[in-house]
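Student: Sharing a model that was predicted from the sequence below.
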Amino acid sequence: MNPFSELFREQLRLVTRRHFLRNCSTGLGALWLSTQAGRVFGAAPSVVRDAARPLAPMKPHFRPRAKRVIFLHMAGAPSHLELFDYKPELAKYNGQDCPQRYLEGKRFAFIQGIPKLLGPQYGFRQYGRSGAWLSDRLPHFSRVVDEVCFVKSLHTDQFNHAPAQLAMHTGYPTLGYPSMGAWVCYGLGTVNEDLPGFIVLLSGGKTPDSGKSGWGAGFLPSVYQGVQCRSRGEPVLYLSNPAGVSRDLRRLSLNALNDLNHRAHADAGDPETLTRIAQYETAFKMQVSAVSAFDLSSEPEDVRTAYGVRPGEEAFANNCLLARRLAERGVRYIQLFHWGWDSHGASESEALDGGFRQRCREVDRPMTALLADLKQRGMLDETLVVWSGEFGRTPMRENRGGVEMKWVGRDHNPGAFTLWMAGGGVRRGISFGESDELGYEAVVDKVSVHDLKATMLHLLGFDHHRLTFPFQGLDQRVTNVTKPSEVVQGVLA
């Protein structure tokens with residue numbers, strides 16, 4: 001092996017296109033970059049950070065109403081017509097052929113021909129001082145409806161799961177864009193650098209259709225991506241030291257590795273090298289802090305009972321209690337995914353008269369306990385809690401090949417769905433917006449998924465137009481530079 005050849009190849013590997021343009025012998029590259037940087041490559045990032053402490057806490061644009069977010073995503077899209085959006089007119093037309101005007105120009109995932117209208121499958125009643133309509137599938141949640149703001153006019157432009165989930169969390173239906181949690185950590189950092197600023201917890205047995213891109217960092221530095229943790233076993237795989245490796249020895253080896261990485265950064269200037277150093281340091285701190293944070297056995301028995309904790313399982317109940325514990329410890333953005341809400345009716349497990357009932361039982365008690373627990377601890381006013389799917393369901397019964405199926409289900413509907421929000425500067429005990437008489441299209445005070453993110457950022461103290469990052473010649477933002485978006489003033493306290 002020729003050492004000079006190896007050194008030359010290593011030097012070429014470290015030379016990026018921008019380094020070449022800057023250092024080429026004519027100097028034209030540097031001249032061109034200096035004139036084009038602001039226009040072609042975008043302005044400087046809107047957040048200026050110390051590269052050695054990428055998660056250091058930062059101040060937002062103005063006084064925030066919320067300090068943290070807990071986002072409860074029901075992956076698969078629960079039916080708003082069986083939970084929150086009561087439609088007596090739909091019950092009246094149950095079993096009748098769907099009028100042609102509701103079918104013209106529409107795309108469906110599975111419905112073919114002329115489907116039948118399907119009335120609400122469960123009973124509804126009004127609860128609380130607010131008189132909120134609620135399905136009998138959520139008896140526990142009926143106790144906290146006066147803490148909640150229901151948004152019944154949400155809509156999206158995506159009708160398949162993966163792109164709709166990406167649009168909900170990143171603002172774009174395609175891969176490669178940062179998730180909301182990544183943007184929040186980029187803008188605010190975290191107040192506890194012993195834990196990640198953005199933690200993701202899964203339940204329901206499967207990963208959401210959008211995959212890990214639903215909590216990715218996209219073109220932001222990767223230190224801002226969500227860290228997927230577990231509610232059983234080790235919070236993060238391989239977090240503990242292997243046999244024979246003490247914490248002191250791990251510290252010495254990490255110091256040596258950090259030294260090598262600092263040298264690599266001095267040579268190549270790659271910001272991801274600093275990200276790697278920060279992630280190694282966070283992982284080292286998590287060996288102590290994460291074990292404590294994820295220890296549900298330290299909670300009083302009455303608290304675990306209130307949530308319905310199921311020891312040793314990756315359950316939504318466990319994750320809700322973990323969300324409160326992580327919020328207490330300063331984690332900025334906590335994202336829960338609970339899979340299994342895709343109620344097409346193709347089988348019992350995904351039917352409104354089957355698996356849907358079980359999903360409701362799995363979430364009803366824990367999400368109620370989460371709101372009550374946060375309020376009792378004085379945390380709800382500073383914690384924004386959001387519950388949503390990625391789209392709604394049709395007012396028609398799904399058929400396959402034009403044939404009605406044994407089990408009852410509804411197809412995907414991007415035109416209208418319902419979410420609820422609580423805490424963190426949101427009005428309590430109100431219902432905002434309306435869908436039409438069948439729950440098919442949002443018609444009053446329509447709210448897009450981009451409006452939702454603009455509103456969430458506003459509650460966290462950000463003007464969504466000013467929280468940007470230069471990429472591909474544009475100052476990118478989570479509210480999508482190509483779509484109109486505005487803060488929903490009607491839900492703000």
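Tutor: All right, it came through fine. Because the structure is a prediction, the values reported are computed rather than measured.
Student: per-residue confidence at the residue nearest to residue 97 when sequence neighbours are not counted?
Tutor: Distances taken as C-beta to C-beta, 6 or more residues apart in numbering put residue 114 closest to residue 97, at 5.3 Å, once the chain neighbours are dropped. For the C-beta atoms, the positions are set from N, CA and C on the backbone; glycine is no exception. For residue 114, the pLDDT comes out at 93.
Student: can you tell me which residues contact residue 114?
Tutor: Residue 114 makes contact with 97, 98, 100, 103 under the criterion C-beta atoms under 8 Å, 6 or more residues apart in numbering.
Student: neighbours around the last one, how many?
Tutor: Burial measure for residue 103: 15 neighbouring residues, criterion other C-beta atoms under 10 Å.
Student: and it, what is it in contact with?
Tutor: Shown in contact with residue 103 (C-beta under 8 Å, 6+ apart): residue 114.
Student: again, only using 10 Å
Tutor: Listed by C-beta atoms under 10 Å, 6 or more residues apart in numbering, the contact set of residue 103 reads 97, 111, 113, 114, 115, 396.
Student: any idea how far residue 168 is from the residue nearest to residue 410 when sequence neighbours are not counted?
Tutor: Counting by C-beta to C-beta, 6+ apart, residue 393 is the residue found nearest to residue 410 once chain neighbours are left out, at 3.6 Å. For residue 393, the distance to residue 168 equals 16 Å [C-beta to C-beta, to the nearest Å].
Student: And for residue 196?
Tutor: Distance, residue 196 to residue 168, using C-beta to C-beta: 21 Å.
Student: Same question for residue 84.
Tutor: From residue 84 to residue 168 the distance is 17 Å (C-beta to C-beta).
Student: that older thread, ok, the contacts of residue 114 vs residue 164, which is closest?
Tutor: Residue 164 lies nearest to residue 103 out of these, by C-beta to C-beta, at 20.8 Å.
Student: pLDDT score assigned to that closest one?
Tutor: On pLDDT, residue 103 comes in at 94.
Student: again, but for residue 193
Tutor: 82.
Student: so who does it touch?
Tutor: For residue 193, the contacting residues are 53, 54, 55, 56, 57, 278, 281, 282, 285, 289, 330, by C-beta under 10 Å, 6+ apart.
Student: The same query, at a cut-off of 6 Å, please.
Tutor: With contacts defined as C-beta atoms under 6 Å, 6 or more residues apart in numbering, residue 193 is in contact with residue 55.
Student: Does it belong to a helix, a strand or coil?
Tutor: Going by DSSP: H, G, I helix; E, B strand; the rest coil, the secondary structure assigned to residue 193 is coil.
Student: measure it to residue 488 for me?
Tutor: Distance check for residue 193 against residue 488: by C-beta to C-beta, it reads 33 Å.
Student: Confirm that residue 74 sits in a strand.
Tutor: Yes. Remark: residue 74 belongs to a strand, assigned using three-state DSSP.
Student: That one: neighbour count?
Tutor: The number of residues near residue 74, taken as other C-beta under 10 Å, comes to 25.
Student: Likewise for residue 392?
Tutor: For residue 392, the neighbour count with other C-beta under 10 Å is 30.
Student: Got the confidence number for the closest residue in space to it that isn't next to it in sequence?
Tutor: Take residue 392 and drop its neighbours on the chain: the residue closest to it by C-beta to C-beta, 6+ apart is residue 417, 3.0 Å away. Reported pLDDT at residue 417 in the predicted model: 98.
Student: Next: the one 4 residues further on.
Tutor: The predicted structure scores residue 421 at 98 on the pLDDT scale.
Student: now it, what's its secondary structure?
Tutor: Going by three-state DSSP: residue 421 is strand.
Student: List buried residues within the contacts of residue 103.
Tutor: For the contacts of residue 103, a neighbour count by 16 or more other C-beta atoms under 10 Å gives the buried set as 111, 115, 396.
Student: Now for residue 112: which residues touch it?
Tutor: 401, 402.
Student: Make sure it is indeed in a strand.
Tutor: No. Applying three-state DSSP, one finds residue 112 to be coil, outside a strand.
Student: how close does it sit to residue 106?
Tutor: 12 Å.
Student: One more: residue 473?
Tutor: Distance of residue 473 to residue 106, computed by C-beta to C-beta: 36 Å.
Student: Check residue 114 too.
Tutor: 12 Å.
Student: With residue 204 instead?
Tutor: To residue 106, residue 204 is 29 Å away according to C-beta to C-beta.
Student: higher neighbour count, these two?
Tutor: Set side by side, residue 204 and residue 106 show more neighbours around residue 204, with 20 against 14, by other C-beta under 10 Å.
Student: Now that one. Its backbone dihedrals?
Tutor: phi 100, psi -10 (degrees, to the nearest 10).
Student: Just the helices from this structure, written as ranges.
Tutor: Shown for the chain, the helices assigned by DSSP state H span residues 3-14, 17-23, 28-40, 88-92, 161-170, 180-188, 247-268, 271-293, 301-307, 316-328, 355-376, 449-459.
Student: Other residues contacting stretch 222-236?
Tutor: 54, 181-182, 185-186, 196, 198-200, 215-217, 275, 278, 290, 294, 312, 314, 318-319, 322.
Student: Using PyMOL, define a selection of the buried residues within those residues.
Tutor: Applying 16+ other C-beta under 10 Å to these, the buried members can be selected in PyMOL as follows:
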select buried, resi 54+181+182+185+186+196+198+199+200+215+216+217+275+278+290+294+314+318+319+322
